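Student: please work out how this folds:
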Amino acid sequence: MSESELPTEAPQSGRQFAEQPILRQVLACVDSPPLALDAAPFTEAVLAHAAAVAEAVGARMTVMHVLESPTAQEPMDPVEWALRHRDATAYLHDHMSRFSDLHADEVIVAGPPAERINAWAHDNAADLIVLGRGGESDGAFVRLGDTARRVAQVANASVLLVPSMQVGDKPIRYRKVLIPLDGSSRSECVLPLGLEIAAAHGAETVLVHAAPKADLIESDLLDAEAVALRDQLYRRNELAARRYLDWIRSRLPATPTTRIRLLPSGDARRALALTAAEEHADLMVLSSAGKSGHADMTLGSVADYLINRMNIPVLLVRQNRRNPPTPDHAMDTRLPSQGMM
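Tutor: Below you'll find the predicted structure:
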């Protein structure tokens, strides 16, 4: 958010948060042997977190496994299909049976995983896709796998990306939900869903805003006047941001417990990742695109950075777009008043 975009006073009382449709259908996507020999932690984590969200919002849940094949056009050999379908069914039953209160439909399809997941979600009006992050370790964090990245970029539905973790026998209970806001209607669209999940779990909600960095262009070192101007811009940004967060909190229900946190000026992406670790958050809920998002971009730079580096579940909230806009109508669809994510 640039300095000129920050409100100089509290937003008008007539402004309302953009409404996010209630989740009705949650699709949990899991891997199974022999294609993923280490899939068990991902499978159980995906099932546990999908169930935690579905139960919180009263949504139906479907568990999907894709029998991977090179192309969607070439049908799988019938014998191979029967054998792999049998193994996958037994694997799903085994892991689903470990969750005593889990009630879900099952579906097994064949083809390229990302394409099959997105197609099924679209055809069956799934509002949320839950899948493991996958990928390989790159030092301190694990990057997204190809399937997870493709789904996050292309899916019309919201996406919950879950890292591999031991979930135990008890249902998942979120204790702290982190919700980044940048002052846009897009970012505020996550509030109804994030608050509903937090309330159902009795979790604390932390609303976070990263104050924009005030940079001045100068060929040499900044003189005293430039330094004073930069500091004045930062103080103004910080004051306006705190006023915005206070206004947001004043319009929220009494439960769940809500706290606000204003982050210092700097790189918003790094600040949010560090804050999630400092707060020991169990879940981050954020818009797939914020104030600077464009209609032809399904994933903003901040969201893209975070889903590649967070070691906690990240829920990307996206308004369902069953009929994506054509380029001719791109400017119309990115109006904040329409709740475009």
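
Student: so Gln153 sits in a strand?
Tutor: No. Assessed with DSSP: H, G, I helix; E, B strand; the rest coil, Gln153 is helix; it does not lie in a strand.

Student: what about Arg242, distance to Pro256?
Tutor: 21 Å (Cβ to Cβ, to the nearest Å). (Each C-beta comes from the backbone N, C-alpha and C, glycine too.)

Student: so for the two, which sits in the more crowded spot?
Tutor: Neighbour count, other Cβ atoms under 10 Å: between Arg242 and Pro256, Pro256 has more, with 21 against 14.

Student: right, and the more buried one touches Leu207 too?
Tutor: No. Pro256 is not in contact with Leu207 according to Cβ atoms under 8 Å; the separation is 11.4 Å.

Student: the strand or helix carrying Val63: partners in the sheet, and parallel or antiparallel?
Tutor: Taking DSSP states H and E as the definition, Val63 sits inside strand 60-68. With DSSP bridges as the test, strand 60-68 is paired with strand 25-29 (parallel), strand 105-111 (parallel).

Student: the longest one: which residues count as buried?
Tutor: What it means is strand 105-111. 107-108, 110-111 (16 or more other Cβ atoms under 10 Å).

Student: show me which of those residues is closest to Ile129.
Tutor: Within those, the smallest distance to Ile129 is 12.9 Å, found for Val107 (Cβ to Cβ).

Student: in contact with that closest one, which residues?
Tutor: Neighbouring residues of Val107 by Cβ atoms under 8 Å, 6 or more residues apart in numbering: 62-65, 120.

Student: who wins for most neighbours among these?
Tutor: His65 (27 neighbours).

Student: longest helix anywhere in the chain?
Tutor: helix 224-250 (DSSP state H).

Student: and the following helix or strand past it, what does it pack onto?
Tutor: For helix 224-250, the succeeding helix or strand toward the C-terminus, using DSSP H and E, is strand 258-263. Secondary-structure packing of strand 258-263 (3 or more Cβ pairs under 8 Å, 6 or more residues apart in numbering; DSSP states H and E): strand 204-210, helix 224-250, helix 268-279.

Student: what's in contact with strand 258-263?
Tutor: With Cβ under 8 Å, 6+ apart, strand 258-263 has contacts from 195, 204-211, 238, 241-242, 245-246, 248-249, 252, 271-272, 275, 279.

Student: what about 10 Å?
Tutor: 176-181, 191, 195, 198, 204-211, 237-239, 241-242, 244-246, 248-249, 252, 270-272, 274-275, 278-279 (Cβ atoms under 10 Å, 6 or more residues apart in numbering).
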